[in-house]
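**Q** got a predicted structure here, sequence first:
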Amino acid sequence: MSGHHQPLSNRKLITLPSLILAVLAFIALVLLAKRFAFGLGSVTNLNDGYPWGLWVVYDVVVGTGFACGGYALALVVYIANKGKYHPLVRPALLASLFGYTLGGISAFIDMGRYWNFYNMFLPDQMNLNSVMLEVGLCVTAYCTVLFIEFMPAVAEHYKMQKLKAILEKVLFVFIAIGVLLPTMHQSSLGSLLIAMGYKVDPLWQSLQLQPLFAILTAITLGFSIVIFEASFVTVGFKRSSETHILKGLGKMIQVMLSVYLVIRFGDLAMRGVLPNIFDGSFRSFMFMVETVLFVVPLVILSSPQRRNRGSMLLIAAVSMLFAGALYRFNAFLIGWTPDASNSFVYFPSTEEFLVSIGIIAMEILGYLIIVKWLPILPVDHAADHAEPHGKPASQPEQA
Amino acid sequence: MSTITEQQLEEVASRLGLNRRGFLKFCTGVAATLGLSSTAGIQMAHAVTQARRPSVIWLSGQECTGCTESLLRTTHPTLETLILDMISLDYSEALCAAAGHQAEAAKHAAMEENKGKYVLVVEGSIPTKDGGIYCKIAGKTMLEHVKEAADDAAAIIAIGSCASWGGVPSAGINPTGATPVHEILPDKTIINIPGCPPNPYNFLATVLQYVTFGTLPELDDKGRPKFAYGRIIHEHCERRAHFDAGRFAKEFGDEGHRLGYCLYKLGCKGPETYANCSTQEFGDVGGGAWPVGVGAPCFGCTEQGVGFTKALHEKSEVTTHAPPDIFPPINAQSGEGATATSAGLLGAVIGAAVGATAMTVRQLGKAEKEAEKGAEHAAAEEQQ
């Protein structure tokens, strides 16, 4: 692998965007201090009917979906043995590492009695019938695996040849586990919805198929986030385009999305809830928005000409990201009816939003710092030549 | 009481047209009204069977005879008979057989004979304006009659609202200066049995206690027996649950009125009126036979300053707790909805994501076009 990646070490670490991100992250840290000092109620709008709010649904459920880039690429590169996507793996792994670590931390933050958290790891305290246990253990284990998978970049940078040699010998084990674990817990996120039963709106509750929907959307989200990251890195760091690699991912999204939509609508028809789509309620509207967002990438990616264009790929990927996020929001929050009289209301508080925004800011900030510090991004010969002459270092970057 | 014999019981029972069992049941029932044990009921039966019955002088002033009528209609068992037998009603304008001078003579004879032992019952208020000339019996004012009879009375009972606190004659401008008994006789202990009419059992229980034990019931600060007037009607009202749940009849004959909802909003004075109407009821028929029970709001007859004073449909002052105008719904919404800031923030986040994507898409498109142009240019150059 050595020599394939390089740090963007000629870039400044402190730029205007990174300062803004740091401020947002700081706000979140202050609010988290408040949350731990005065409890969840002081920061969130969570209530007895809505014990899971923005932090679980965005930071954990959607956030780990967005962090599936490493998993999706590992599937393609190591399982399907498509070596040409290899340059994309390391940046995707980095994003996954951030996404999963912060997702795990968010789950901890959202726990009312977080001090009991350690019991999850004590075998005699485990409830082996719990979907939550499966998700919790898998996510924790996967964070560790991601860290180990990421270690070669560190070893390369600090020229720790011995460590690198050991890693290269054993890494295949961790890569295998790293493919297995997300397959398990991403489908378990769907199983959580099964456990919620009739409280989930019929438009999103399909019992047996929930794990399949969850894993299909997770993998498509993984491909989409890789396209998204690569596009922003290309433009933000003014690097040469990676469209020639990304278009293959576009094709995979198209296939998986088609499969997903066929099963999804087939399930709705089988259960006889298709009329619910047109009952004029807020939920039916949200279902339509979700479906449109799913269909947009399908239409864009169905033409090879459009798949060849980076801009079209990005539009498709972002639409898919919105679709996947909205699907999970709909299933977990918008289509959620806590009691028969439907007497609970929930909308995230401003402070809840600020914490989630701060966590996203931490992810982006961490990504920006690490790609400038460690060899993550593939070597870009065009940019290498252009950069020192064409672009003065004082000019602020876009990313 | 051991002194009561089978023979005596049979005698009284046959005199009253009752069987022995019915008579004992009545006495026990009265004892229960007073809050006494069944032993006391036997004692009452004994007292009633005694040959010497206490003499009662019943004076009527400014009144409608409703109190007497009410008493006569306590027919379970035939109570008018019983009253006339338990006590020796020596003078009553409504009930005595004698008339004119004969009646007046009987009264004086009884007062003379039972000096210091008779019970004086006053029905109706006493006019005091212009020397009390607005109510005269046998050429003397009511004022004089009351004062005269009170001098040697063992106990004085003011029956009905008029005698107890002035009642309807004292309403409004009070043209005759209608005055209750206790204001005419400030030095005497007066037992007030207010009501328009009062529940006859409240009177009966008081009299029987006096007859049996020679004592008078405990009184409240307005001279009313506590066993009957110790609680607000509202406290034990059969419609109380509707009050607490916020279900009110809003006009006569409406849905709520027909369903038996609380009459508070129709002006029911139950929440500020002390009486046992809601537990004792009227007419011995049970089944909610009392004003509120049949859908007529209480007008507060036992309470000075309420009955005949407040407007019929005026809301009463609730002494326990006032109902809120709007009750919380059973399925109260809980939790916080969207605020302008939080919704705005969500919009801003989505906007930022879409905006950043749009900018990047534009840059990518630009770069692609340039690349295409460059390729075309190179191709054209090659061709040249």
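**A** Noted; the coordinates are in hand. Keep in mind it's a predicted model, so treat the numbers as computed, not measured.

**Q** name the helix or strand for residue B:318, please.
**A** Per DSSP states H and E, residue B:318 falls between elements, in no helix or strand.

**Q** for burial, what's the neighbour tally of it?
**A** When neighbours are defined as other CB atoms under 10 Å in any protein chain shown, residue B:318 has 15 of them. Placement of C-beta: from N, CA and C, glycine included.

**Q** now swap in residue A:111 and tell me
**A** Residues lying near residue A:111 (other CB under 10 Å) number 13.

**Q** please tell me how far it sits from residue A:62.
**A** Relative to residue A:62, residue A:111 is positioned 18 Å away (CB to CB, to the nearest Å).

**Q** for residue 309, give me its contacts.
**A** Let's take chain A. Residue A:309 is in contact with A:243, B:364-365, B:368, counting by CB atoms under 8 Å, 6 or more residues apart in numbering or on different chains.

**Q** you answered for a different chain; I wanted chain B.
**A** Residue B:309 makes contacts with residue B:171, as judged by CB under 8 Å, 6+ apart.

**Q** where do the helices sit along chain A?
**A** For chain A, helices defined by DSSP state H occupy the ranges A:16-38, A:54, A:63-66, A:69-74, A:89-110, A:131-157, A:161-196, A:210-236, A:243-270, A:282-301, A:304-307, A:310-329, A:350-373, A:381-390.

**Q** about what we covered before: only whichever of the contacts of residue A:309 are buried, select them in ChimeraX.
**A** Here is the ChimeraX command that selects the buried residues among the contacts of residue A:309 (16 or more other CB atoms under 10 Å in any protein chain shown):
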select /A:243 /B:364,368
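
**Q** can you pick out the most distant pair from the contacts of residue A:309?
**A** Pairwise distances across those peak at 11.4 Å for A:243 and B:365 (criterion: CB to CB).

**Q** quickly list what's touching both of those two.
**A** A:309-310.

**Q** measure residue A:374 to chain B for me?
**A** 24 Å (CB to the nearest CB, to the nearest Å).

**Q** kindly report the same for residue A:297.
**A** 13 Å.

**Q** residues in contact with that residue?
**A** Per CB under 8 Å, 6+ apart, neighbours of residue A:297: A:224, A:253-254, A:257, A:315-317, A:319-320, A:323.

**Q** and the pLDDT for the closest residue to it other than its chain neighbours?
**A** Of all residues not flanking residue A:297 in the chain, residue A:316 sits nearest, at 3.8 Å (CB to CB, 6 or more residues apart in numbering or on different chains). Note for residue A:316: predicted pLDDT of 95.

**Q** just residue B:377 next, same as before
**A** 84.

**Q** contact partners for the residue most central in space within chain B?
**A** Note on chain B: the residue nearest the mean C-alpha position is residue B:233, at 3.7 Å, using CA atoms, centre = their mean. Residues in contact with residue B:233, defined by CB under 8 Å, 6+ apart, are B:269-271, B:273-278, B:292, B:298.

**Q** cutoff 6 Å now
**A** Shown in contact with residue B:233 (CB atoms under 6 Å, 6 or more residues apart in numbering or on different chains): B:270, B:273, B:275, B:277-278, B:298.

**Q** closest point of the stretch 51-200 of chain A to chain B, which residue?
**A** The stretch 51-200 of chain A approaches chain B most closely through residue A:54 (9.3 Å), counting by CB to the nearest CB.

**Q** swap that for the stretch 101-250 of chain A, please
**A** Nearest to chain B, among the residues of the stretch 101-250 of chain A, is residue A:235, at 4.4 Å (CB to the nearest CB).

**Q** my read: that residue touches residue B:360, true?
**A** Yes. Using CB atoms under 6 Å, residue A:235 is in contact with residue B:360, at 4.7 Å.

**Q** residue B:22: helix or strand, and which one exactly?
**A** Here residue B:22 sits within helix B:20-33, counting by DSSP H and E.

**Q** show me what that helix is packed against.
**A** Packing contacts for helix B:20-33, counted by 3 or more CB pairs under 6 Å, 6 or more residues apart in numbering or on different chains; DSSP states H and E, involve helix B:6-16, helix B:38-49, helix B:200-213.

**Q** got the residues of chain A near chain B?
**A** Within chain A, the positions near chain B by CB under 6 Å from any CB of the partner chain are A:45, A:47, A:231-232, A:235, A:309-311, A:314-315, A:318, A:341, A:343-350, A:353.

**Q** which among those residues end up buried?
**A** Among the residues of chain A next to chain B, those buried by neighbour count (16+ other CB under 10 Å) are A:45, A:47, A:231-232, A:235, A:309-311, A:314-315, A:318, A:344-350, A:353.

**Q** in JSON lines: the contacts of residue B:233, plus neighbour count.
**A** Below are the contacts of residue B:233 laid out as JSON lines (neighbours: other CB atoms under 10 Å in any protein chain shown):
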{"residue": "B:270", "neighbour count": "28"}
{"residue": "B:273", "neighbour count": "23"}
{"residue": "B:275", "neighbour count": "26"}
{"residue": "B:277", "neighbour count": "24"}
{"residue": "B:278", "neighbour count": "23"}
{"residue": "B:298", "neighbour count": "28"}
